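> Could you work out the structure for the sequence below:
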Amino acid sequence: MRRIALLLLALLALPALARSPILRDHSRIQALSYFTMQGRVELREAKDSSSAATYLTLNHEGGLQVRVLELLEHDVYEGESGRWIYVLLTAPVWSSSGELLGRNRRFLVFLPEDTPVFDYEE
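Numbers count the residues shown, from 1 in each chain. Got it, this is the predicted structure:
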């Protein structure tokens, strides 16, 4: 009975341990795409790339889960080539200031070309 319980527990944990496909080709990202960014991400409340970042996300295992609202200009930011995108948070995320940013908030983010994203859906 104990072995069955351990096997069942292991099988239930597999989806949580599985990593969704990695998308390295950002050309497939379009409006209404969903994906997750890992690492620390600057969030701007203003839809203006020259504005100061309002928040900096923490680098946690859940990442920054977003839905793309609008693709904006290609740019070079802090020495990295990439694209500015206007996104909607689809899950809460903690900022470095200790504030919990709730879902359905809109932010401008910079997505460097060499940054892999996860959980891509069309």
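> strand partners of the longest strand along the chain, parallel vs antiparallel please.
Counting residues, the longest strand found in the chain (DSSP state E) is strand 64-77. Under the criterion DSSP bridges, strand 64-77 sits next to strand 34-37 (antiparallel), strand 80-89 (antiparallel) in its sheet.
> could you dump the ones you listed to a markdown table with distance to residue 65 and mean neighbour count?
The C-beta positions use only the backbone N, C-alpha and C, and glycine is treated the same way. Listed next are the strands paired with strand 64-77 as a markdown table, based on distance: least, CB to CB, whole Å; neighbours: other CB atoms under 10 Å:
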| stretch | distance to residue 65 | mean neighbour count |
| --- | --- | --- |
| strand 34-37 | 5 | 20 |
| strand 80-89 | 7 | 18 |
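> Mind checking those strands for the one nearest to residue 27?
With CB to CB as the criterion, residue 27 lies closest to strand 80-89 of the strands paired with strand 64-77, at 9.9 Å.
> and the next element down the chain from that closest one?
Per DSSP states H and E, strand 80-89 leads on to strand 93-94 as the next helix or strand towards the C-terminus.
> Check which helices and strands that next one is in contact with.
If contacts are counted by 3 or more CB pairs under 8 Å, 6 or more residues apart in numbering; DSSP states H and E, strand 93-94 sits against strand 100-101.
> for the record, mean pLDDT for the strand it packs on?
Taken as a whole, strand 100-101 has a mean pLDDT of 95.
> Alpha carbons only: can I get the next helix or strand after that strand in CSV?
For strand 100-101, the following helix or strand on the C-terminal side (DSSP H and E) is strand 106-112. Output of strand 106-112 as CSV, limited to C-alpha atoms (Å, rounded to 0.1, in the frame of the first residue of the first chain):
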residue,chain,number,x,y,z
ARG,A,106,-0.7,46.2,-18.1
PHE,A,107,3.0,47.0,-18.5
LEU,A,108,5.6,47.7,-21.1
VAL,A,109,8.5,45.3,-21.1
PHE,A,110,11.7,44.8,-23.2
LEU,A,111,12.2,41.3,-24.5
PRO,A,112,15.9,40.8,-25.6
